[in-house]
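Chemist: Give me a model of this one.
(one chain, ligands or ions: 2)
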Amino acid sequence: MAGNAPLIPVAEALDRLLKDVRPLGSEEVPLSAANGRILAQDLASLRTQPPFAASAMDGYAVRHADVSAVPADLAIIGEAPAGHGFTGKVNRGEAVRIFTGAPVPDGADTVVIQENTSRDGGLVTVQEPPKPGANIRAAGLDFAEGDILLSAGTRLDYRSLSLAASMNHAMLPVQRKPLVAVLATGDELVAPGGNPGPDQIIASNHAGIAAMVEDCGGAVLDLGISPDDAGIMAQHVRRAIEAKADVLITLGGASVGDHDLVQGVLGSEGMELAFWKIAMRPGKPLMAGHLGETKVLGLPGNPVSSIVCALLFLKPLLARMLNQPVSGGQLAEATLSAGLKENDHRQDYIRAMLTVEEDGRLSASPFQTQDSSMLSLLARAGALIIRPPHAPTAKAGDRVQVVRL
Ligand SMILES: Nc1nc2c(c(=O)[nH]1)N[C@H]1C(S)=C(S)[C@@H](COP(=O)(O)OP(=O)(O)OC[C@H]3O[C@@H](n4cnc5c(N)ncnc54)[C@H](O)[C@@H]3O)O[C@H]1N2
Ligand code: MOO
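Modeler: Ligands and ions are numbered 1, 2, ... in the order given. Got it, this is the predicted structure:
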């Protein structure tokens, strides 16, 4: 692709990236490993809950007819703790001592809480008249066997996992995690915690991109940092392919400089280029392609550019692979608190503070400096203001679209 080819609009690039991406397959995992995973099939209950009419309180299982007029004396004929139902039948003038969660014995239709009774040996006196059927949970109150209670696509969390457990599923079908290989490139980079030489900096992009991959439901294969050496870089790329990575992310070296080797290396490894250079700021040098089954996203090296590109392209890619909707869920409207100059041909993503006004509306205050190396501003920003290509001058009070962070 020629260096001076027209830049591709953001929406078109996203369409081209996603057009042939299908959800990955599924796998079975134990409940204990399913938190945060995406359910791959509708889940039907294997049992009815509660499976029997159960007492909701500690007290006495009685026949309502015996206690509609109080005080009423009843003979205690047995006990029903949770897990051990009373096997006999409650007849006229009788009661069974019962505890929360125990099956209600045959013949009884009401549970009187113990606070409303007094006891003398084998005799209980009911002091307050209960409502018919009081304190009994009917069989199937929660759900019945065969009910579909969780649908495919649900992101499993503490609530859905409790429910799945109650439905008696020990293993759950979940979408396979996309494996995302992440490779930083550049002689100037040293891993966090290292000792950079005088011309070196700390590699920061890895940390953020890996966190985003995990937040999206992917797994990270950390390929570390490659120097600007085509041979070594190629070895790293082969590791990703051998590991059958679903996605290979390269960081840096995506632009046009003499040491920007990434595209050349990927090309000689067999990558088919889908597109390169997007009409956006930051993030212009974004590159996409595929190496066999592995999707390749070449993110620009500037830290903010790489994160903005990952938000706009990597997140939707992983969502599609996980059978999740590729939605603009993070999009919102906000009122500008300061003017913005007219825009050129690149769609801008402007870091801004986001505040909620008294009327509940959002207000976006753009930072004066927007250099794409400045992570401190990205960390403080609550949103990115989207400025479409050729947007006219905007003034304070205008409504704009933002990506919430
Ligand atoms: N003549 C041109 N020069 C540049 C252009 C252009 O169109 N023509 N585009 C600029 C834009 S926009 C960007 S963005 C950068 C992207 O360049 P690369 O993707 O080739 O990235 P590098 O040159 O390798 O690095 C840029 C910058 O980012 C730092 N970096 C790289 N990797 C990391 C990392 N993992 N963690 C932290 N920082 C990283 C690197 O040290 C550089 O400072 O190109 C412009 N140039
Ligand atoms: O992506 Mo480049 O930083 O537009 O700064």
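
Chemist: since we're on the residue of the chain found nearest ligand 1, how many residues are nearby?
Modeler: Closest contact between the chain and ligand 1, by Cβ to the nearest ligand atom, is at Gly301 (2.4 Å). C-beta: built from backbone N, CA, C; applies to glycine. Burial of Gly301 is recorded as 26 neighbouring residues (other Cβ atoms under 10 Å).

Chemist: Let me know the secondary structure of it.
Modeler: coil (DSSP: H, G, I helix; E, B strand; the rest coil).

Chemist: And the pLDDT for it?
Modeler: Gly301 carries a pLDDT value of 95.

Chemist: And it, how far from Lys315?
Modeler: 19 Å (Cβ to Cβ, to the nearest Å).

Chemist: Now for Thr125: which residues touch it?
Modeler: Residues in contact with Thr125 (Cβ atoms under 8 Å, 6 or more residues apart in numbering) are 71-74, 117-119.

Chemist: so what's the backbone phi/psi at it?
Modeler: phi -110, psi 120 (degrees, to the nearest 10).

Chemist: ends of stretch 221-240, how far apart?
Modeler: End-to-end span of stretch 221-240 (Cα to Cα, to the nearest Å): 8 Å.

Chemist: roughly how far out does that stretch sit from the chain middle?
Modeler: Centroid separation between stretch 221-240 and its chain, computed with Cα atoms, centre = their mean, to the nearest Å, is 30 Å.

Chemist: low-confidence ranges in the stretch 301-405 of the chain?
Modeler: Counting by pLDDT under 70, the stretch 301-405 of the chain contains low-confidence residues at 328-329.

Chemist: where does it come near ligand 2, residue by residue?
Modeler: 302, 305, 372 (Cβ under 6 Å from any ligand atom).

Chemist: Pull the number of nearby residues for the second one.
Modeler: So the one you mean is Ser305. Ser305: 25 neighbours (other Cβ under 10 Å).

Chemist: residues near the nearest residue to it once chain neighbours are set aside, how many?
Modeler: Leaving aside its chain neighbours, Ser305 sits nearest to Pro282 (3.7 Å; criterion: Cβ to Cβ, 6 or more residues apart in numbering). By other Cβ under 10 Å, 25 other residues sit near Pro282.

Chemist: so what's Pro282 up against?
Modeler: 300, 302, 304-305, 308-309, 349, 370, 372.

Chemist: got the CA coordinates for stretch 163-172 in CSV?
Modeler: Only the C-alpha atoms of stretch 163-172 are listed here, as CSV (Å, rounded to 0.1, in the frame of the first residue of the first chain):
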residue,chain,number,x,y,z
LEU,A,163,-27.9,-19.5,39.9
ALA,A,164,-26.0,-22.0,37.7
ALA,A,165,-24.8,-23.8,40.8
SER,A,166,-28.4,-23.9,42.1
MET,A,167,-29.5,-25.4,38.8
ASN,A,168,-27.0,-28.2,39.5
HIS,A,169,-24.5,-27.4,36.7
ALA,A,170,-20.9,-28.2,37.8
MET,A,171,-19.5,-27.5,34.3
LEU,A,172,-20.5,-24.7,32.1
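
Chemist: what helix or strand does Ala332 sit in?
Modeler: strand 331-336 (DSSP states H and E).

Chemist: Which strand residues bridge the residue nearest to Val67 when sequence neighbours are not counted?
Modeler: Nearest residue to Val67, sequence neighbours excluded (Cβ to Cβ, 6+ apart): Val126, at 4.5 Å. Taking DSSP bridges as the rule, Val126 bridges to Ala72, Thr117.

Chemist: quick one, helices of the chain?
Modeler: For the chain, the helices defined by DSSP state H cover 10-18, 64-67, 158-166, 205-216, 230-242, 262-268, 303-309, 315-321, 375-380.

Chemist: how much space is there between Leu317 and Ala164?
Modeler: Where Ala164 is concerned, Leu317 sits at a distance of 28 Å (Cβ to Cβ).

Chemist: what's the answer for Thr100, then?
Modeler: 24 Å.

Chemist: swap in Gly146?
Modeler: For Gly146 relative to Ala164 (Cβ to Cβ), the value is 15 Å.

Chemist: Would you mark the buried spots in stretch 214-225?
Modeler: 216-218, 220-221, 223, 225 (16 or more other Cβ atoms under 10 Å).

Chemist: Which residues of the stretch 301-405 of the chain lie near ligand 1?
Modeler: 301-303, 305, 372.

Chemist: Mind doing that once more with 5 Å?
Modeler: Residues of the stretch 301-405 of the chain that fall close to ligand 1, judged by Cβ under 5 Å from any ligand atom: 301-303, 305.

Chemist: For Gly93, state which of those residues is nearest.
Modeler: Pro303 (80.3 Å; Cβ to Cβ).

Chemist: tell me the domain boundaries of the protein?
Modeler: Annotated domains of the chain cover 10-25+176-321, 32-49+142-175, 54-137, 331-404 [automatic domain parsing].

Chemist: I figured Thr110 hits Pro132, correct?
Modeler: Yes: the criterion here is Cβ atoms under 8 Å, and Thr110 meets it with Pro132 at 6.1 Å.
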